[in-house]
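> Take a look and give me a structure for this.
(chains A and B)
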Amino acid sequence: MKVHRFLQTQYLFAVATFFAVALPGCAIHAWRVAPTDVSEEAIASYAQEPGAVIYYNVPAVFEKPLSRDTADSLERVQSAQLFTELLGNELTKNPTFDKAILTSVAPERGYYVSVDVTHVPHLSTESALKIIMCSVTFMIIPCYIDDAVEYRINYHLFKDGKVLKTYHWMVQQKSLTWNLLLLAIPFIDSWTAPPWMEPKEKAFAETSKKFWRDARADGHF
Amino acid sequence: MDTFSCAVRPQFGRRVSCTLLAVGVAAIVASCSWMGAGSVSPSIGEAEFSTGPISPQRVYYNIDLRLNRAIADAIRQGLGKGAGQSEAAYISEPPAHGLFCEVSLDRQPRKALSNLWMLASVLSLGILPFYDDEGERINVRYDLYVDRQFKRSYTYVVSRRGLFWAGTPLIKPFLPPSWSESIIDDQVWNSAFRATARQFVMEIIKDGV
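Sure thing, here's the model as predicted:
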């Protein structure tokens, strides 16, 4: 009797441990720039203009702080700060410009780009069905969706204070939810590119490459 | 074994819960604004600046954006108002033409003895008075550049000093008028940084920049 109870306890403990370990890690996600049909041009092939400067702005960084910050507003600010840093690094990689200078106002002379990020709530019927199926089966049926969360990155390009054009890019989240995902994690990174769990701000900043390409194609640089 | 654990554990548990209760009560009492009074400096009102000169040029500035946002915003407003605008313009590098200041904040660490005294006061639920004359101090430095040329640095100290004591309400009528409960109010604290920015603009105008 005692042995039976002991085994029962051990069994319950094992099940509880499994759920405690496996369930919190049952969803992962990654961010990617929405693909386009245009072929990518090597950035190294861009013409060089020694001493050229591009000014850029991410208005969210300069927004007035709330009188009492919420978790949401803090996350938004931290996200904007990280995006600004990454965007600055990406912009300086372009050989056309020697420097990228962050500013809160448009300069009277020179190139200036103002970048804003807008969250676009979106969920297709197909993705909604996948989520429902996954939920009602306690995540035994895996759920992979790639269009549940979308961000629109807008580049407003100015020259000498005049608007040249606005460019839009989308960053989408792809996510995989599965009860046994923890066991599959070691293999997931090799299946996909870019790697999972990278911040969305990195994907936001990567849109700058597409911005360069399109602005060059339009003859602005 | 069982008898031993039955005799000891409840006592131990009671002690832990009593300690937790005492710490909790101390934290609640310590957050009561009526037990504290103090002053923030510089405490210069907007009216005192309204008669001062206004810079004819736009003021550009740079500050570490990862710093406290409310303080950075207060400085931006102060620099802007000093130049007759709503806000100053941020730029990460000095512009080719115009006034630019690099703003840096340097927090002075509180003394260990002062921290201990404060802790003892809080744990005694305010019975033991705590007074910190030096208090919290932050040096605000403005490095001024004109047309990318460094001119000079201006440094101001923002500080708050105060008293924490259960008997504070009794002595409040005898305290200087600048002392108030608003020492813990963030808006009052931030306005001190705004005042340094206004003071800086006034001084550079006075210096003929």
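> any low-confidence regions in the chain?
If you meant another chain, say so; for now it's chain A. Scanning chain A for pLDDT under 70 picks out A:1-4, A:6-7, A:16, A:18-25, A:35-50, A:185-186, A:188-197.
> look at chain B instead
Residues of chain B that meet the criterion pLDDT under 70 lie in B:1-13, B:25-56, B:83, B:180-185.
> same thing but at 90, please
In the predicted model of chain B, residues B:1-59, B:65-70, B:73, B:77-88, B:95-98, B:107-138, B:158-192, B:194-195, B:198-199, B:201-209 satisfy pLDDT under 90.
> that's a helix at A:Lys64, yeah?
No: looking at A:Lys64 with DSSP: H, G, I helix; E, B strand; the rest coil, it is coil, so not inside a helix.
> Hmm, it is touching B:Ala72, no?
No: taking contact to mean CB atoms under 8 Å, the distance of 10.6 Å between A:Lys64 and B:Ala72 leaves them out of contact. Quick note: C-beta positions are derived from backbone N, CA and C, even for glycine.
> Which one's more surrounded, these two?
A direct count of neighbours by other CB atoms under 10 Å in any protein chain shown for A:Lys64 and B:Ala72 places B:Ala72 higher, at 22 against 11.
> I'd assumed B:Ile63 was in contact with that one.
Yes: the pair formed by B:Ala72 and B:Ile63 meets the contact definition of CB under 8 Å, at 5.2 Å.
> Excluding chain neighbours, what is closest to B:Val103?
Closest residue to B:Val103 in three dimensions, ignoring its sequence neighbours and counting by CB to CB, 6 or more residues apart in numbering or on different chains: B:Ile63, at 4.3 Å.
> To clarify, my last question referred to B:Arg110.
Leaving aside its sequence neighbours, B:Arg110 sits nearest to B:Glu136 (CB to CB, 6+ apart; 6.9 Å).
> quick one, strands of chain A?
Ranges of strands in chain A, per DSSP state E, are A:27-33, A:53-57, A:99-102, A:111-121, A:143-145, A:149-159, A:162-177.
> Run through the neighbouring helices and strands of the third one.
The reference is to strand A:99-102. Other helices and strands packing on strand A:99-102, by 3 or more CB pairs under 8 Å, 6 or more residues apart in numbering or on different chains; DSSP states H and E, are strand A:53-57, helix A:71-92.
> can you tell which of the ones you listed is closest to B:Arg14?
Of all these, helix A:71-92 sits nearest to B:Arg14, with 36.2 Å by CB to CB.
> who does the helix or strand B:Val158 falls within pair up with?
Counting by DSSP states H and E, the element that carries B:Val158 is strand B:149-164. Using DSSP bridges, the strands paired with strand B:149-164 are strand B:36-41 (antiparallel), strand B:130-146 (antiparallel).
> roughly how far apart are the residue nearest to B:Arg110 and B:Ala70?
As for B:Glu136, its distance to B:Ala70 is 15 Å (criterion: CB to CB, to the nearest Å).
> do the same with B:Ser153
Taking CB to CB as the measure, B:Ser153 falls 24 Å from B:Ala70.
> between these two, which one's more packed in?
Taking other CB under 10 Å, B:Ser153 and B:Ala70 do not tie; B:Ala70 has more neighbours (18 against 12).
> tell me how far the ends of stretch A:64-76 are from each other?
12 Å (CA to CA, to the nearest Å).
> near chain B, which residues of chain A?
Within chain A, the residues that sit near chain B (CB under 8 Å from any CB of the partner chain) are A:61-62, A:64-65, A:77, A:81, A:84, A:99, A:101-105, A:107.
> circling back to that earlier point, now the strands paired with strand B:149-164 in a markdown table, with mean neighbour count and distance to A:Tyr151?
Written out in a markdown table, the entries for those read as follows (neighbours: other CB atoms under 10 Å in any protein chain shown; distance: least, CB to CB, whole Å):
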| stretch | mean neighbour count | distance to A:Tyr151 |
| --- | --- | --- |
| strand B:36-41 | 21 | 41 |
| strand B:130-146 | 17 | 36 |
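> For A:Lys159, which of those is the nearest?
Closest of the strands paired with strand B:149-164 to A:Lys159 is strand B:130-146, at 26.0 Å (criterion: CB to CB).
> Roughly how far does the spatially most central residue of chain B sit from chain A?
Nearest to the centroid of the C-alpha atoms of chain B, with distances taken as CA atoms, centre = their mean, sits B:Trp189, at 4.6 Å. Separation of B:Trp189 from chain A (CB to the nearest CB, to the nearest Å): 13 Å.
> Next, that residue: secondary structure please.
Using three-state DSSP, the three-state assignment for B:Trp189 comes out as helix.
> State the distance from it to B:Leu163.
Shown here: B:Trp189 relative to B:Leu163, a distance of 17 Å by CB to CB.
> likewise A:Pro142?
As judged by CB to CB, A:Pro142 and B:Leu163 stand 62 Å apart.
> Who has more neighbours out of those two?
When A:Pro142 and B:Leu163 are compared for neighbours, B:Leu163 comes out ahead with 21 against 17, by other CB under 10 Å.
> Skipping adjacent residues, who's closest to that one in space?
For B:Leu163, the closest residue by CB to CB, 6+ apart turns out to be B:Tyr131, at 4.8 Å.
> For that neighbour, list the residues it contacts.
B:Tyr131 is in contact with B:Gly162, B:Leu163, B:Phe164, B:Trp165, counting by CB atoms under 8 Å, 6 or more residues apart in numbering or on different chains.
> now the strands for chain B?
Taking DSSP E as the criterion, chain B contains strands spanning B:36-41, B:59-62, B:89-90, B:99-108, B:130-146, B:149-164.
> Export those strands as JSON lines, with columns for distance to A:His156.
Below are these laid out as JSON lines (distance: least, CB to CB, whole Å):
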{"stretch": "strand B:36-41", "distance to A:His156": "41"}
{"stretch": "strand B:59-62", "distance to A:His156": "21"}
{"stretch": "strand B:89-90", "distance to A:His156": "17"}
{"stretch": "strand B:99-108", "distance to A:His156": "25"}
{"stretch": "strand B:130-146", "distance to A:His156": "29"}
{"stretch": "strand B:149-164", "distance to A:His156": "32"}
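> Go through these and name the closest to A:Leu183.
Nearest to A:Leu183 among the strands of chain B is strand B:99-108 (47.5 Å), distances taken as CB to CB.
> which other residues reach the closest one?
Contact with strand B:99-108 is made by B:55, B:57-64, B:67, B:71, B:75, B:79, B:91, B:94, B:134, B:136-146, B:148, B:200, B:204, B:209, as judged by CB under 8 Å, 6+ apart.
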